[in-house]
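>>> Starting from these lines, generate the structure:
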Amino acid sequence: PAAAWHAPAACASARYWRRDAAAAARRALRRRHASDPPEGEQFVTFEPDHGGWNNIRMGMETAALFAWSTGRTLVLPAAQRLYLVSKKGQAHGPFDFYDLDLVHAGGGVATIEEYLLKRTGDASTPEGRGADHHKALAAKLRSLAHVPVWKPRTDFLVLGTRFGPPDDRAKKSISKHARGRRLIDVDADPALRNATTIHFATDARRDLRWLTHFYTFMRWASPRQGRAARRVARDELRYRAEIQCAAAEIVDSMNERAAGRTW
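Below you'll find the predicted structure:
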């Protein structure tokens, strides 16, 4: 394993997260209900978007927060060539650029091999290379899951009602936020609650792409859980220290050159 990387003091300007607040938010978001199945028995799988990095990032944040808000384990996608990210001959998992140690430490994640072993008794992925391999893997993941046809433009997800319905104020806020979109109470749908795996498919032909931030089409019945979800996204789903540090060095250099000017 590579030696541990330690950010120099100069990178402090890029630090915006709070470990104590993130840990408390994680516990609030991932708390379980008496009606939930035993830990690890339900999963969320997803296909990374075929577009650029920001599209990929928004989709994986949506899948992660959905999984942890519904008591499920997030399955980390297999490495593949990511558009405008991976050079020829390279392959990356979408979470390779994030602090994976932090994600794993928080619990609620599994590798694709661990998932396949639990579901099928065989950890191997389909044979082949490149696009054909990933098409075959996507087909396999879809075959093992309930695949909802949700579109952020027309659908609006409400999470966490198994802990109690939203109060009147929250209902009005959710209705206003949805702006006429179809409200989907995820916890109230038996097909979703009982599915061993929920899979977020990516299919441009069917307009199945998550080209917006999770908070534009997902709300939590409890404002406290909603705050916890946003805190987890902000403080735990973040770039590795090396990336944060490189950004800090650029910003600090620009501030030094600006010499106090704002332009």
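>>> quick one, strands of the stretch 101-250 of the chain?
For the stretch 101-250 of the chain, strands defined by DSSP state E, counting those that start in this stretch occupy the ranges 109-111, 155-159, 182-185, 197-200, 218-220.
>>> so what does the longest one touch, helix or strand wise?
The helices and strands touching strand 155-159, judged by 3 or more C-beta pairs under 8 Å, 6 or more residues apart in numbering; DSSP states H and E, are helix 53-69, helix 168-178, strand 182-185, strand 218-220. Every residue, glycine included, has its C-beta placed from N, CA and C.
>>> got the buried residues for the lowest-mean-pLDDT helix or strand in the chain?
Least confident helix or strand of the chain, by mean pLDDT, DSSP states H and E, is helix 100-105 with a mean of 81. Neighbour-count burial for helix 100-105, with 16 or more other C-beta atoms under 10 Å as criterion, is recorded at Leu102, Val103.
>>> pLDDT below threshold where in the protein?
1-10, 38-40, 263 (pLDDT under 70).
>>> circling back: kindly format the C-alpha coordinates of the least confident helix or strand of the chain as PDB.
Written as PDB, here are the backbone C-alpha positions of helix 100-105 (Å, rounded to 0.1, in the frame of the first residue of the first chain):
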ATOM      1  CA  LEU A 100     -12.600   6.500   0.000                       C
ATOM      2  CA  ASP A 101     -11.100   5.700   3.400                       C
ATOM      3  CA  LEU A 102     -13.700   8.200   4.800                       C
ATOM      4  CA  VAL A 103     -16.500   6.600   2.800                       C
ATOM      5  CA  HIS A 104     -15.500   3.100   3.900                       C
ATOM      6  CA  ALA A 105     -15.100   4.200   7.500                       C
END
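>>> hmm, back to that, Ala34: which of the strands of the stretch 101-250 of the chain is closest?
Taking C-beta to C-beta, strand 155-159 is the member of these nearest to Ala34, at 17.4 Å.
>>> what does that closest one rub up against?
66, 69-70, 150, 166, 174, 177-178, 181-187, 217-221, 225 (C-beta atoms under 8 Å, 6 or more residues apart in numbering).
>>> Which of those are buried, as a PyMOL select command?
Applied in PyMOL, the following selects the buried portion of the contacts of strand 155-159 according to 16+ other C-beta under 10 Å:
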select buried, resi 66+69+70+150+166+174+178+184+185+186+187+217+218+219+220+221+225
